[in-house]
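Student: Below: sequence and its predicted model.
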Protein chains: 4
Amino acid sequence: MKQTAAVLGGDMRQVYLARLLLEDGIDAVTWGLERGDGPNPVPLHQALEAGLLILPLPVCRAGSLNLPLTDTALSAEQLWPRLRYDQLLLGGMTGELAPRLMADFGLTLLDYYDREETQVANAVPTAEGAIQLAMEATEETIHGSRCLVVGYGRIGKLLAERLQALGASVAVAARSYRDLAWIAAKGYEGLATAGLAGKLGRFDLIFNTVPAPLFDAERLEEMAKDCLLLDLASAPGGADPAVAKRAGRRVLCAPGLPGRVAPRSAAKAIRDSIYHILEERGEPI
Amino acid sequence: MKQTAAVLGGDMRQVYLARLLLEDGIDAVTWGLERGDGPNPVPLHQALEAGLLILPLPVCRAGSLNLPLTDTALSAEQLWPRLRYDQLLLGGMTGELAPRLMADFGLTLLDYYDREETQVANAVPTAEGAIQLAMEATEETIHGSRCLVVGYGRIGKLLAERLQALGASVAVAARSYRDLAWIAAKGYEGLATAGLAGKLGRFDLIFNTVPAPLFDAERLEEMAKDCLLLDLASAPGGADPAVAKRAGRRVLCAPGLPGRVAPRSAAKAIRDSIYHILEERGEPI
Amino acid sequence: MKQTAAVLGGDMRQVYLARLLLEDGIDAVTWGLERGDGPNPVPLHQALEAGLLILPLPVCRAGSLNLPLTDTALSAEQLWPRLRYDQLLLGGMTGELAPRLMADFGLTLLDYYDREETQVANAVPTAEGAIQLAMEATEETIHGSRCLVVGYGRIGKLLAERLQALGASVAVAARSYRDLAWIAAKGYEGLATAGLAGKLGRFDLIFNTVPAPLFDAERLEEMAKDCLLLDLASAPGGADPAVAKRAGRRVLCAPGLPGRVAPRSAAKAIRDSIYHILEERGEPI
Amino acid sequence: MKQTAAVLGGDMRQVYLARLLLEDGIDAVTWGLERGDGPNPVPLHQALEAGLLILPLPVCRAGSLNLPLTDTALSAEQLWPRLRYDQLLLGGMTGELAPRLMADFGLTLLDYYDREETQVANAVPTAEGAIQLAMEATEETIHGSRCLVVGYGRIGKLLAERLQALGASVAVAARSYRDLAWIAAKGYEGLATAGLAGKLGRFDLIFNTVPAPLFDAERLEEMAKDCLLLDLASAPGGADPAVAKRAGRRVLCAPGLPGRVAPRSAAKAIRDSIYHILEERGEPI
């Protein structure tokens, strides 16, 4: 990259990202990462001059830039007018923001998170993090436990594989015949997601990856008293913690695992994603 | 199934399929499977009265029904007029035949092979068969060998996994960033399919699953003298055997493995597919 | 078991052990497990009447019975005279105690921990616990990390396998040609324990299972700055934490993992061991 | 090695061994390997001048040197007097021969096969070969099959692991509590070898590795009609083929797999063993 890259706010993933860029010989500066000891800190006005601006994941929270590692606040609406159309903005989970920035300010904002290879790369720390949480929250080994993984997307695939390798007996719930064929090909027990009723009582650990309210009071009560439900689905998740509490069942909500358990690995996924974006735009890295 | 199912011709897969149906309590008869000892053989006119007619995979070869296990020939064009619109015809790789039968004769022909769960189920015997062939064709163990799998579809996925489990060091070539992210997540070395030139010399075994002429004379010459290229792609495959011979490299074409190495497993996949079709049509099994 | 079994002191493993015995229909009571909510608590004099006395692991600490879950203290020397020669005593890591009790008091004390199947069963939670600690102590995933396992005994074997399954690249250091042949057969990189000098710099995680001072100042300094050394060997372990601190390297001592991370699994191993002992003595369970 | 190494007879393993020695820059010649195209063939009298003489595995058959790849015969008793006490003789499965050669002729004969690391290295091609045979002899995939491995020694360990990785459900029969603990730790179903009666009916594939007559008429009849028993134990094996035939059950005797299915891998194991022997004798390689 001939131009300077400025990492603007974010959490430990952005701190590691800045370090990784520097390791690759890129001229990177940071702003808003003080508590994470972000490298090459510069004043805001200087950061805003960079050709490439790397924004947090997600970019904003409640109208302000997402700045958990600094005491300063920065209103998003005050930030955009200070940027130039010839800068490239990269952010995570940009959603509606990107078309609005283009329409209102002529700014180009691309998403470094919403790429399939990034999602896959993030599924690894999510699967590992889920295993770590399960190990921490139980008095037994994964080895010998009876696990159910609900959903066979990226996370479900990598998680089921790891649980089996650690010696668990693994069942996976999925909806399509295709997924159930894969589940059989991998040697797991396959269950139809729509037909889980009456089948939950024999599991020690249930990992939910489906963002749908599958675990209502009836399903929760069906779980064994000692069973732990790890809810990996993004909010509102698959089970309501309040309902679980009333049912006397253990539910652990664990969204956003990559940033928590392996920020450096998550940062590598973001770095690769950024390089792919630049490559596709024909810009030298 | 209340109605009779007649298995009409085909290879050992159809023989096992008929047996599996009988094991499930279905009233099944066969015709044209003598050399495979097809169960409940009946004369053709009786077989044609069945409510469900199960045709070969592929249905026809050179204008005749595909009948490798009998000495009788049956012209396809003479068969169709003898069938009724209230019968259900199931066949494999039906392609253009299905719409034509509907248009010309009002017959309903559905494909038991062209379903994603069937393709997945068939990928297992294909992957195993490829390993069996590689074991048979080499003087060394898979363990310790350096393998390249070209293509990361169904077969590539299951094959790479098995090779790694047997102790090979595995590289996989794929095209998309997404596939390369999966390849990294699985712990294989990833290579870009477009950039294989100059990188083939270090492999002992190359498994091609991509139906494209990737292995031209130049690529073949780049392979080590002892290297074996197993071409699993359907015809015309990834390498021309004549070119390989001139280059002095070993290429083994191995399409259609499931029917050859594990016909009973392949038959189970067809049986499941037939049940799914009937289920989706609301017919009792 | 016709007789009553009394679990006398110990940690959470003994609490779970008592519960497991009750689940098997055995008449079990406990004493000295209040803080762990030991089931069927009875006064000491009543516990001492049981035919089978299950003591802690290890039995004593500093001359007293090992009682971390109660506020009461019980001097070992005051306990032994109160026991009878027709009772069977079982304890963990009994060492010199067993022959002394027999000589001095005519008491039979057998070790439920010093059996090969129990050591194997305990190696599973140790291996899992090591992985949990490594996950907790690092900012990266096990996946993609370069790991060295030093020693190829029970723990080394199970640990290397799990690390590889989680996607790490695994090297194992061992001494004998035999172990190195196994290491090759398993597909790990093999290193000679005696020749580790100069080879430590490339690892992210080092797991030591050898109870010998392999990691002196020189070896520690050779480790990468970010490398974590997890010392699983029993005291005094493979590295001196003070020396590590001076060298600026991270060493985490983690002996006794099964009781910490998976007491219920560890309790199952003890239960099985007790049943095997009784079976070998011809006593009904 | 400063001295010349002469490979004298043997099968394809010795042919590959000679090639491997040459690849390592060793001055190697061969005699008696014509049909295998042994490299650097020399007349017998010249071969016998080498400092290191590498004999077949096993050394003799029926009083003659083991020479399957040549038409010449060489009586062992005529060979020994022609050798010198300052030559080093290495052979496979030397048994009683070594002490006799020392006593009668002052010759030093060491065994390159009877070393634990060589046995382990040979267990890999044996396990792979067993899988290859099972694939060839059945109409179903290993995936989804129910396998029993009898014996948990070197071969049993590596075989069980591979079968599980290929998607079989695996049970292992062993005798000691220790082995059964390992079997549990690996996630297989454990069976007591002494208690197999009445438990064989549910398996599709049985691999015997125990050289004891475990499979008598009663056990064989208990096996399912379609079950295949692969007998890997050295003669007389675990089942009498004649008895199996009467019982109408399929038994495949498969001793000596490494030399048959992967002679080059087997040769590598012998080469490593030879280097270890020389190293231990303080001779440069």
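Tutor: Thanks, I have the structure now.

Student: what sits against the residue lying closest to residue A:70 once chain neighbours are set aside?
Tutor: Leaving aside its chain neighbours, residue A:70 sits nearest to residue A:32 (4.4 Å; criterion: CB to CB, 6 or more residues apart in numbering or on different chains). For glycine as for every other residue, the C-beta is placed from the backbone atoms N, C-alpha and C. Applying CB atoms under 8 Å, 6 or more residues apart in numbering or on different chains, we find residue A:32 in contact with A:8, A:9, A:10, A:38, A:44, A:65, A:67, A:69, A:70, A:72, A:74.

Student: Not counting its neighbours along the chain, what's nearest the closest residue to chain C within the stretch 101-250 of chain A?
Tutor: Residue nearest to chain C within the stretch 101-250 of chain A (CB to the nearest CB): residue A:165, separated by 3.3 Å. In space, and not counting its chain neighbours, residue A:165 is closest to residue C:165: 3.3 Å by CB to CB, 6+ apart.

Student: ditto for residue A:177
Tutor: Using CB to CB, 6+ apart and skipping residues adjacent in sequence, the residue nearest residue A:177 is residue B:117, 4.1 Å away.

Student: residues contacting the one you found?
Tutor: Per CB under 8 Å, 6+ apart, neighbours of residue B:117: A:176, A:177, A:178, A:180, A:181, B:272, B:273, B:276.

Student: quick one, helices of the stretch 1-150 of chain A?
Tutor: Assigned by DSSP state H, counting those that start in this stretch, the helices in the stretch 1-150 of chain A fall at A:12-23, A:44-47, A:76-79, A:97-105, A:116-137.

Student: distance between stretch A:10-30 and the chain's centre?
Tutor: 19 Å (CA atoms, centre = their mean, to the nearest Å).

Student: make that stretch A:196-214, sorry
Tutor: How far stretch A:196-214 lies from its chain's middle: 21 Å, per CA atoms, centre = their mean.

Student: Isn't residue A:42 up against residue A:29?
Tutor: Yes - with contact defined as CB atoms under 8 Å, residue A:42 reaches residue A:29; the gap is 4.5 Å.

Student: For chain A, give me the ranges with low pLDDT.
Tutor: A:1 (pLDDT under 70).

Student: Point to the residue nearest the middle of it.
Tutor: The residue lying closest to the centre of chain A (CA atoms, centre = their mean) is residue A:256, at 4.5 Å.

Student: what's the spacing between that residue and residue A:266?
Tutor: Distance, residue A:256 to residue A:266, by CB to CB, to the nearest Å: 10 Å.

Student: do residue A:279 as well
Tutor: Separation of residue A:279 from residue A:266 (CB to CB) stands at 20 Å.

Student: ok, now residue A:235?
Tutor: Using CB to CB, one obtains 19 Å as the distance from residue A:235 to residue A:266.

Student: Looking at these two, which is more packed in?
Tutor: Neighbours per residue (other CB atoms under 10 Å in any protein chain shown) separate residue A:235 from residue A:266, with residue A:266 holding more: 32 against 9.

Student: Is the more buried one in a helix, a strand, or coil?
Tutor: Classification of residue A:266 using DSSP: H, G, I helix; E, B strand; the rest coil returns helix.

Student: ok, now how distant is residue A:275 from residue B:180?
Tutor: Distance, residue A:275 to residue B:180, by CB to CB: 12 Å.

Student: for residue A:168, same thing?
Tutor: Noted for residue A:168: a distance of 29 Å to residue B:180, by CB to CB.

Student: Just the residues contacting stretch A:58-74, thanks.
Tutor: In contact with stretch A:58-74 (CB under 8 Å, 6+ apart) are residues A:8-12, A:15, A:32-36, A:38, A:44, A:55-57, A:75-77, A:79, A:91-94, A:97, A:109.

Student: 10 Å - rerun?
Tutor: A:8-12, A:14-15, A:30-38, A:41, A:44, A:55-57, A:75-79, A:89-95, A:97-98, A:101, A:109, A:111, A:113 (CB atoms under 10 Å, 6 or more residues apart in numbering or on different chains).

Student: before we move on, the earlier item: nearest to chain B, out of the contacts of residue A:32: which one, please.
Tutor: Checking the contacts of residue A:32 against chain B by CB to the nearest CB gives residue A:10 as the nearest, at 21.6 Å.

Student: Any idea how many residues pack against residue A:14?
Tutor: Around residue A:14 there are 30 residues (other CB under 10 Å).

Student: how close does it get to chain D?
Tutor: Counting by CB to the nearest CB, to the nearest Å, the gap from residue A:14 to chain D is 39 Å.

Student: next one: residue A:178
Tutor: Per CB to the nearest CB, residue A:178 is found 18 Å from chain D.

Student: wouldn't that residue be in contact with residue B:119 here?
Tutor: Yes - look at residue A:178 against residue B:119 with CB atoms under 10 Å: they come within range, at 8.6 Å.

Student: Tell me how chain A divides into domains.
Tutor: Here the domain parsing of chain A from automatic domain parsing is A:5-114+A:262-280, A:121-254.

Student: winner for burial among those domains?
Tutor: Mean neighbour count (mean count of other CB atoms under 10 Å in any protein chain shown) peaks for domain A:121-254 among the domains of chain A, with a mean of 21.

Student: OK, contacts around residue A:44?
Tutor: The contact partners of residue A:44, taken as CB under 10 Å, 6+ apart, are A:6, A:8, A:31, A:32, A:72, A:74, A:79, A:82.

Student: Any figure for the gap between the fifth one and residue A:44?
Tutor: Looking back up the chat, that one is residue A:72. For residue A:72, the distance to residue A:44 (CB to CB) stands at 8 Å.

Student: show me where chain A has strands.
Tutor: Using DSSP state E, the strands found in chain A span residues A:5-8, A:28-31, A:52-54, A:60-61, A:64-65, A:88-91, A:108-111, A:146-150, A:169-174, A:189-192, A:205-208, A:228-231, A:250-253.

Student: can the second one be found next to chain C?
Tutor: No - in this structure, strand A:28-31 remains apart from chain C according to CB under 10 Å from any CB of the partner chain; the gap is never smaller than 17.2 Å.

Student: sorry, back to before: quick one: the residue nearest to the centre of chain A from chain B, how far?
Tutor: Counting by CB to the nearest CB, the gap from residue A:256 to chain B is 19 Å.

Student: now that residue: how far from residue A:162?
Tutor: Residue A:256 is 19 Å from residue A:162, by CB to CB.

Student: Likewise for residue A:120?
Tutor: In this view, residue A:120 and residue A:162 are 15 Å apart by CB to CB.

Student: Between its first and last residues, how far does stretch A:148-162 reach?
Tutor: Using CA to CA, to the nearest Å, one end of stretch A:148-162 lies 13 Å from the other.

Student: How about that stretch and chain B, any contact?
Tutor: Yes - judged by CB under 10 Å from any CB, stretch A:148-162 comes into contact with chain B at A:154, A:157, A:158, A:161.

Student: re the thing from before, okay if I get the strands of chain A as TSV plus distance to residue B:200?
Tutor: Converted to TSV, those look like this (distance: least, CB to CB, whole Å):
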stretch	distance to residue B:200
strand A:5-8	36
strand A:28-31	37
strand A:52-54	37
strand A:60-61	49
strand A:64-65	49
strand A:88-91	36
strand A:108-111	36
strand A:146-150	38
strand A:169-174	37
strand A:189-192	38
strand A:205-208	40
strand A:228-231	44
strand A:250-253	48
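
Student: Go through those and name the closest to residue B:22.
Tutor: Across the strands of chain A, the minimum distance to residue B:22, taken as CB to CB, is reached by strand A:189-192, at 25.1 Å.

Student: Report all helices and strands that the closest one contacts.
Tutor: Applying 3 or more CB pairs under 10 Å, 6 or more residues apart in numbering or on different chains; DSSP states H and E, we find strand A:189-192 packed against strand A:146-150, strand A:169-174, helix A:177-185.

Student: thought residue A:181 was touching residue B:158?
Tutor: No - assessed by CB under 10 Å, residue A:181 is found out of contact with residue B:158, at 11.3 Å.

Student: Dump the domains of chain A to TSV, plus distance to residue C:285.
Tutor: Output for the domains of chain A, formatted as TSV (distance: least, CB to CB, whole Å):
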stretch	distance to residue C:285
domain A:5-114+A:262-280	46
domain A:121-254	21
